[in-house]
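> Predicted coordinates and the sequence they were generated for:
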Amino acid sequence: MTLTTTLDTPLLADPADVAADPSRYRVLTGDRPTGPLHLGHYFGTLLNRVRLQRQGVETFLVVADYQVITDRLSPGEIAANVREVVLDNLAAGIDPDRTTVFAHSAVPALNQLMLPFLSLTTVAELQRNPTVKDEAAASGLASISGLLLTYPVHQAADILFCHGNLVPVGDDQLPHVEQTRTIARRFNERYAGGRAVFREPQALLSPAPRLLGVDGRKMSKSRGNAIALKATADETARLIRRSVTDARRDITYDPAGRPGVSSLVEIAALCLGVAPDEVAAQVGSGGSAMLKALVTEVVNEELRPVRERRAAFAAEPGLVGSLLADGAERATALAESTLADVQDALGMGAY
Ligand code: TRP
């Protein structure tokens, strides 16, 4: 393919540029199938993805099954979780006719790109990657696996196999987009005589803040503190009722001083499409009980259509398997062509 742009773009993409000329962009984004997606994913990335898809940006979505085994001792229910993640994306509005959805494991040529990319990455770079460090600490394991240390390079293969140039992510993923840009640049310089085989992708940050879970820590599938998209209205109410607040009666929005209360305020504000201060002022002296009742109501309202669509997709036999097979076919064609270009540049093409 011909690459329109290139080097020297800033790390962060400007959403206005994307809206002005969607045809210049190709999105690659992904989810780790460690469990069903939750409200943090919904406001953090899913809505953003669906908006880009509607703007007409060509989109690839990797279900990063090989990333599940980076930081845990057992793989868990990978097959079941892949299905959950695909259904969550469909429910949020991802349209498989417009977005290529595939799993790592189904696209061998993508995975093979990791070898030349590893050769362009230093151990020191990986060891100082702050997200890898956080994930290593959060895993609770005494030692980290080689796959955890090197997964940012695998993520570079995810992005570069399809020449993705726009990566919608939360800020925790910025180090990986930086690493991908470094790999693209070094590949062109060291292995392709300065020819732009790869372009440097840009990150598109989500406008939504990172949400806290009901225990006051980062909302996370593995911590059991998350409101899953597929949860029932009752489960949602129960989770919100037990979320951590504080002893002060009046409700204010003060993320640093009152993280628990402010996270609930934030969730309500996102659902209502208003500023957090407005929600805080509205609840005011109604206290946490009123705040929790409001959050429960607006979350269940926001997710009602998502949950309805999800149930309908889940009831279609074979849907997930066949859309993943179609996606893998499209992704494989691209990955093989990129891998051939890479091997050509290295003189590995024809022996
Ligand atoms: N690491 C990402 C996450 O935990 C998932 C992911 C895998 C991804 N491959 C990607 C995100 C490529 C962006 C681009 O959410």
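Received, thanks.
> List the contacts of stretch 76-96.
For stretch 76-96, the external contacting residues (CB atoms under 8 Å, 6 or more residues apart in numbering) are 31, 33-37, 41-42, 46-47, 49-50, 53-54, 59, 61, 63, 65, 68, 101, 103, 229-230, 306-307, 309-310, 313-314, 320, 323-324, 326-327. (Each C-beta comes from the backbone N, C-alpha and C, glycine too.)
> Sort out which of those are buried, if you could.
Buried positions within the contacts of stretch 76-96, assessed by neighbour count (16 or more other CB atoms under 10 Å), are 31, 33-37, 41-42, 46-47, 49-50, 53, 59, 61, 63, 65, 68, 101, 103, 229-230, 306-307, 310, 313-314, 320, 323-324, 327.
> which non-adjacent residue is nearest the residue of the stretch 101-250 of the chain found nearest the ligand?
Closest contact between the stretch 101-250 of the chain and the ligand, by CB to the nearest ligand atom, is at Asp158 (4.0 Å). Distances taken as CB to CB, 6 or more residues apart in numbering put Val62 closest to Asp158, at 5.0 Å, once the chain neighbours are dropped.
> try Val50
Leaving aside its chain neighbours, Val50 sits nearest to Gly93 (3.8 Å; criterion: CB to CB, 6+ apart).
> One more: Leu47?
Distances taken as CB to CB, 6+ apart place Ala92 nearest to Leu47, at 7.1 Å, with adjacent residues excluded.
> number of nearby residues for the one you found?
20 (other CB atoms under 10 Å).
> same thing with Arg330?
15.
> Give me the helices and strands touching the helix or strand hosting it, please.
When elements are assigned from DSSP states H and E, Arg330 belongs to helix 319-345. Helices and strands touching helix 319-345, by 3 or more CB pairs under 8 Å, 6 or more residues apart in numbering; DSSP states H and E, are strand 58-63, helix 78-92, strand 99-103, helix 108-112.
> What's the nearest residue in the protein when you look at the ligand?
Gly30 (3.1 Å).
> neighbours around that residue, how many?
21.
> helix or strand for it, which one?
For Gly30, the host element (DSSP H and E) is strand 26-31.
> State the mean pLDDT of that strand.
Taken as a whole, strand 26-31 carries a mean pLDDT of 96.
> Could I get the CA-only coordinates of it as CSV?
Taking C-alpha atoms only, strand 26-31 is exported to CSV below (Å, rounded to 0.1, in the frame of the first residue of the first chain):
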residue,chain,number,x,y,z
ARG,A,26,-6.8,3.7,9.8
VAL,A,27,-7.7,2.7,13.4
LEU,A,28,-6.2,-0.2,15.2
THR,A,29,-7.5,-0.9,18.7
GLY,A,30,-7.8,-3.9,21.0
ASP,A,31,-9.1,-5.5,24.1
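> what does it contact?
In contact with strand 26-31 (CB under 8 Å, 6+ apart) are residues 37, 41, 45, 49, 52, 57-64, 67, 85, 89, 155, 158-159, 162-169, 201.
> next one: stretch 113-124
Counting by CB under 8 Å, 6+ apart, 149-150, 152-154, 156-157, 160-161, 179, 182-183, 186-187, 190-191, 335, 338-339, 342, 346 sit against stretch 113-124.
> how about it: buried residues?
Here stretch 113-124 shows Leu113, Met114, Pro116, Phe117, Leu118, Leu120, Thr121 as buried, counting by 16+ other CB under 10 Å.
> likewise stretch 134-153?
Glu135, Ala136, Ser139, Ile144, Ser145, Leu148, Leu149, Thr150, Tyr151, Pro152, Val153.
> Get me the contact residues on the chain for the ligand.
Taking CB under 6 Å from any ligand atom as the contact definition, the chain meets the ligand at 28-32, 62, 64, 67, 155, 158-159, 167, 169, 173.
> So which of the residues you listed is the closest to Asp215?
Closest approach to Asp215 among the residues of the chain next to the ligand (CB to CB): Arg32, at 20.7 Å.
> Contacts only, for that closest one.
Each residue near Arg32 by CB under 8 Å, 6+ apart is listed here: Ala64, Gln67, Val68.
> And the helices in the stretch 201-350 of the chain?
233-241, 259-272, 276-283, 287-314, 319-345 (DSSP state H, counting those that start in this stretch).
> helices and strands around the shortest one, which ones?
Counting by 3+ CB pairs under 8 Å, 6+ apart, the packing neighbours recorded for helix 276-283 are helix 259-272, helix 287-314.
> same check, this time on the fourth one
Other helices and strands packing on helix 287-314, by 3+ CB pairs under 8 Å, 6+ apart, are helix 78-92, helix 233-241, helix 259-272, helix 276-283.
> and the angle from it to helix 259-272?
Helix 287-314 and helix 259-272 are oriented at 50 degrees to each other (axes from the mean of the first three to the mean of the last three CA atoms, to 10 degrees).
> what do you get for the last one?
Taking the same axes, to 10 degrees, one finds that helix 319-345 is oriented at 100 degrees with respect to helix 259-272.
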